[in-house]
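*Asks:* Next come a sequence and a model predicted from it.
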Amino acid sequence: MANEIVFIGAGPIGLWTAIQIKLQRPNVKIVFKEKHEVYQRTHTLFLNHKSLADCVKDEAGIIEQLISQLKSIPHIRTNVLETSLLDLAKQLGIVIEHQKVDDIENDVLRDYPDAAMVVGSDGVRSQVRNQVFGEENAQRSPLAYAAQIKYSVKGKAVHENQLFDTYPLLKQSNYLASVNVGKTQDGTTPVTIQHFIDKETYEKLKNKATFQHPIKIFSDNVDEQLPPELLKDVKTQIGFRLTNGEDVLVDSVNLTVTELPQQRCQTTTLQKDGVYYGLIGDAALALSFFKGMNTGLKLATHFSKYIVDHWEQIIAKDPKVFTQYEEFYDQYAEIALQQGFKTQTTVKTLQSSINTSAYLPFQFLYFGNNQIADFHRQFDVIHQISQFYLEAYRSSVVGEEPSSLAIKAWFEEQMPAGLVILKKKMQKTAENYVEEPKLHAALLKLANLSTEKMNFSEKAFYGLAISRTCALLENPQEQAKKFTSFIEQVKNVNSSASLMISSLLEVIAGLVLVSVSVAALVGSVGMSTPASVAGISTGGALLTHGFYKLYHNMHPQNDTYKTVQEIKGLALPDSEEDEDTSIPELE
Ligand SMILES: Cc1cc2nc3c(=O)[nH]c(=O)nc-3n(C[C@H](O)[C@H](O)[C@H](O)COP(=O)(O)OP(=O)(O)OC[C@H]3O[C@@H](n4cnc5c(N)ncnc54)[C@H](O)[C@@H]3O)c2cc1C
């Protein structure tokens, strides 16, 4: 008698379904056909432990361990989850055959003519769905698009402080972003940053930032490959993490884009020529906004229990056996889809309120005027250094995977000697311009800047400024654009009128609040004592913050920036000022 189930696709949800069936019906023979020998996807996803609730657990405690791990960190790499489920499946006697299924008749039914059931767990582009149920069975609604930056960190990753980091970061970004930090294993931590991008950006990148061929952020020329809006966000996010001392493995940082459509089926079970076919996971219900795994696992637990409870009817080929399940699926899919549409509205609302808040002059969450510029500078320094010096670094530090801190340390070591050589080069170049006294003086000024008080990125930019200046003088036409955009990276003060106004407004509001509250405390205005004390504290905080912003707003710009600006004006007298696109202004 047929007592077999063949699954096509050993992804996480197929494996989970099979494990659940096997744990409850050990006599059922289960076979998988899986096209990949090694799992391909490494992104870190959000997996709520509750998505595994109501399951049956194995005796060895692997499922229990997975649940408790997810309770402490609800983020896991896709391939890590897949591999641990695969190991458990094998332990339970589930057979995995590595074979790509192109034709179900030839590739599956010829090997397993007595299979009671064939389950398509072969993902969003399911062959089983297309071949058996027909392409029209899937109902698709395009919803959103995402760009993922994926990378590994040596040691622990930075965790954002929700209030102080996330909001200012998002405020300076074009796209809403969320960060998934996975579990540290073998000394490295996986990080995935998701950005909800627009359709136009997705269309521009869909053929050059794919899972098979992602954009390598630190070795490809991202300035040319990425649209400026996304590049700004990449710099802000990665720069933030570098600024906070995250030891990023630079070769691992890559960017891919994906479409996030929602897709459900009209029906997910079907009897054909005496065989039952089923669909599960993304093949049955694919959801936007990274909910597919969570929603899919819950449905899979239900599906497997249904099979276990109705196994005798399935073997007896009862044509009505899945009627109740289909009713359940119908409601489940409808609710999941509706939640997706609600999430889409929430994402859009959040996105526009964040974008709008970036224009508000009143910046409550403003703690350092160079903060955002620093993020960008850190990214640019490590990025440029890794591009310029990666080969040299690799040949000097043999056998080590280049990480941001290692490159930084290595570069810091080389810096003093390197800067002496560069300064001499600059002085020599300046001698060619004695007949242009102003330019000559500016070049000498750049050559003689004191590096004593410069920090790492300032020194790095100073060195790069000399190289870029020499290149500009050698070939002004070709280098003009590069030089201009470089100057903007060096800029370190984001002073602007709106920032000044918001600082003054805060100072005034603080003064008024403190005065009124003090007056109330001495009895001339009718306010309770706790309200007066609260007023004084809030007013004091506003005053302090307002003065802090004012002070930073008036802080002078750095010398390298001022000097290269001067050189630009003298070496390229007719050049137009380009818009600052690389470092955002703080209002
Ligand atoms: C970038 C990204 C981030 C995500 N983040 C989240 C998140 O944070 N939370 C969440 O809940 N969900 C997330 N998801 C969704 C989640 O990854 C999917 O819902 C989940 O992987 C679906 O599992 P599955 O087993 O149904 O299909 P898949 O994971 O697609 O697995 C299908 C398997 O079938 C195999 N296969 C396919 N075709 C054939 C064939 N013809 N022959 C043999 N084998 C075949 C494949 O090799 C694969 O192993 C994310 C998805 C993406 C792309």
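*Replies:* All right, it came through fine.
*Asks:* which ones are touching the residue in the stretch 101-250 of the chain positioned nearest to the ligand?
*Replies:* In the stretch 101-250 of the chain, the residue that lies nearest the ligand is Gly123 (2.8 Å; C-beta to the nearest ligand atom). C-beta here means a position set from N, CA and C on the backbone, and glycine is covered the same way. Counting by C-beta atoms under 8 Å, 6 or more residues apart in numbering, Gly123 touches 9, 11, 281-283.
*Asks:* and what of Ser457?
*Replies:* Counting by C-beta under 8 Å, 6+ apart, Ser457 makes contact with 374, 377-378, 381.
*Asks:* Could you identify which of those residues has the most neighbours?
*Replies:* Within the contacts of Ser457, Arg377 tops the neighbour count with 27 neighbours, counted by other C-beta atoms under 10 Å.
*Asks:* give me the element that one is part of.
*Replies:* In the assignment (DSSP states H and E), Arg377 maps to helix 371-396.
*Asks:* Tell me the buried residues in that helix?
*Replies:* 371-386, 389-390, 393 (16 or more other C-beta atoms under 10 Å).
*Asks:* Give the other helices and strands that the helix or strand Leu260 falls within contacts.
*Replies:* Per DSSP H and E: Leu260 is located in strand 254-265. Helices and strands touching strand 254-265, by 3 or more C-beta pairs under 8 Å, 6 or more residues apart in numbering; DSSP states H and E, are strand 138-154, helix 199-205, strand 215-216, strand 285-286, helix 323-357.
*Asks:* Now mean pLDDT, mean neighbour count and distance to the ligand too, for the ones you listed, in CSV please.
*Replies:* Formatted as CSV, the helices and strands packed on strand 254-265 follow (pLDDT from 0 to 100; neighbours: other C-beta atoms under 10 Å; distance: least, C-beta to the nearest ligand atom, whole Å):
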stretch, mean pLDDT, mean neighbour count, distance to the ligand
strand 138-154, 91, 20, 5
helix 199-205, 95, 15, 13
strand 215-216, 95, 19, 15
strand 285-286, 95, 25, 7
helix 323-357, 90, 15, 11
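*Asks:* any chance of the ones you listed in CSV, with distance to Leu81 too?
*Replies:* Converted to CSV, the helices and strands packed on strand 254-265 look like this (distance: least, C-beta to C-beta, whole Å):
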stretch, distance to Leu81
strand 138-154, 15
helix 199-205, 26
strand 215-216, 25
strand 285-286, 17
helix 323-357, 20
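*Asks:* picking up where we left off before, who are the neighbours of the helix holding Arg377, in terms of helices and strands?
*Replies:* Counting by 3+ C-beta pairs under 8 Å, 6+ apart, helix 371-396 packs on helix 228-243, helix 404-431, helix 456-474, helix 476-490.
*Asks:* Quickly compare those and say which is most buried.
*Replies:* helix 228-243 (a mean of 22; mean count of other C-beta atoms under 10 Å).
*Asks:* Need the residues that contact that one.
*Replies:* 147, 149, 153, 157-158, 165, 169, 172-175, 177, 179, 191, 193, 195, 197, 201, 205, 217, 222-223, 226, 248, 253, 255, 372, 374-380, 382, 404, 581-582, 584.
*Asks:* So Ala246: helix, strand or coil?
*Replies:* Let me fix one detail, which is that residue 246 is Glu and not Ala. Classification of Glu246 using DSSP: H, G, I helix; E, B strand; the rest coil returns coil.
*Asks:* If we go by neighbour counts, what in stretch 270-277 is buried?
*Replies:* Under the neighbour-count criterion of 16+ other C-beta under 10 Å, stretch 270-277 has 270-271, 275-277 buried.
*Asks:* Just the CA trace of it, in CSV.
*Replies:* The C-alpha coordinates for stretch 270-277 follow below in CSV (Å, rounded to 0.1, in the frame of the first residue of the first chain):
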residue,chain,number,x,y,z
LEU,A,270,-5.7,18.5,-5.4
GLN,A,271,-6.2,14.9,-6.3
LYS,A,272,-5.0,13.9,-9.8
ASP,A,273,-4.7,10.3,-11.1
GLY,A,274,-5.0,8.8,-7.7
VAL,A,275,-2.2,11.0,-6.1
TYR,A,276,-2.8,13.8,-3.7
TYR,A,277,-0.8,17.0,-4.3
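*Asks:* What mean pLDDT does it get?
*Replies:* The predicted model gives stretch 270-277 an average pLDDT of 94.
*Asks:* cool, and stretch 542-554?
*Replies:* Regarding stretch 542-554, the rounded mean pLDDT is 80.
*Asks:* Let the chain start at 45 from now.
*Replies:* Right, with 45 as the first residue, what we last looked at is stretch 586-598.
*Asks:* how about that stretch: buried residues?
*Replies:* Under the neighbour-count criterion of 16+ other C-beta under 10 Å, stretch 586-598 has 586-587, 589-590, 592-594, 596-597 buried.
*Asks:* Report the entries of the residues you listed that also contact the ligand.
*Replies:* Among the buried residues of stretch 586-598, no residue is within reach of the ligand (C-beta under 6 Å from any ligand atom).
*Asks:* Among the residues you listed, which ones are in helices?
*Replies:* Judged by DSSP state H, helices contain the following of the buried residues of stretch 586-598: 586-587, 589-590, 592-594, 596-597.
*Asks:* I am finished for the moment; much appreciated.
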